[in-house]
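1. prediction below, plus the sequence it came from.
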Amino acid sequence: MVLLAANGTRWFAVLGGAVATPTLAAESQALRVGLVSGHRNSDSGAACSDGLTEAQLNESHAQRVASILRTRGYAVDILDEFDPRLRGYRAAALVSIHADSCAYINDFATGFKVARAASRAAGPDDYLVECLIKHYAAATGLRFHANSVTRDMTHYHTFREIDPSTPAAIIETGFMYLDRDVLTRRADRVAQGIAEGILCFLRR
């Protein structure tokens, strides 16, 4: 016979006199989100002639995303590019935030990219990517650059470091040349798009 007993806000299942509780690790993972601030404490990433760097943009966006998610009750870790905490990292989702080149390439070098690990089987990663694409496009007005996702994204080092149970994706938020106005003056929209994409996935 199964009995349920309440103890404060936590419920316990009583089976034949034994009490089974969810592990703290499982509870922690379900309410935790990881954000990699691309290039932080590693290098500048892409750089503009006036001194603006990708690392600065990524940090600004990561902090804003973390603030939104924390108000929704999630614990958020902002991680360095090569953070030792990434080894075996477990969370409900992890997103690595980057930006694209500050050099003029052509008039079509505008928009964002999202990718997941090429080595993983179809599953939660695909839904995380889908949510990010949908909500980021809606928040920023930028188009999804599907055909220019690179091997550096699909074989991103962090995908190999984290625990296999952690759904993960990488986003290039836009090109620092043609999309600079969005990335700097409308940074709140950038953060909203990423945060809403993550929340879409977590609420699945």
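-> Ah, there it is.

2. ok, the residue positioned nearest the centre of the chain - contacts?
-> Nearest to the geometric centre of the chain sits V95, at 1.8 Å (Cα atoms, centre = their mean). If a contact means Cβ atoms under 8 Å, 6 or more residues apart in numbering, then V95 has 33-36, 65, 128, 132, 168-171, 194, 197-198 as its contacts. For glycine as for every other residue, the C-beta is placed from the backbone atoms N, C-alpha and C.

3. can you tell me the SS state at it?
-> For V95, the secondary-structure state derived from DSSP: H, G, I helix; E, B strand; the rest coil is strand.

4. partner residues bridging it?
-> Note on V95: beta-bridge partners L35, A169, judged by DSSP bridges.

5. the domain parsing of the protein - what is it?
-> Following automatic domain parsing, one finds the domains of the chain at 1-26, 31-202.

6. most packed of those domains?
-> Ranked by mean neighbour count under mean count of other Cβ atoms under 10 Å, the domains of the chain are led by domain 31-202, which reaches a mean of 18.

7. picking that back up, in a markdown table: the domains of the chain, plus mean pLDDT.
-> Putting these into a markdown table (pLDDT from 0 to 100) gives the following:
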| stretch | mean pLDDT |
| --- | --- |
| domain 1-26 | 37 |
| domain 31-202 | 97 |
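
8. helices along the chain, start to end?
-> 24-30, 54-71, 124-140, 151-154, 157-161, 180-185, 187-202 (DSSP state H).

9. what packs against the fifth one?
-> Read that as helix 157-161. Under the contact criterion of 3 or more Cβ pairs under 8 Å, 6 or more residues apart in numbering; DSSP states H and E, helix 157-161 touches strand 168-175.
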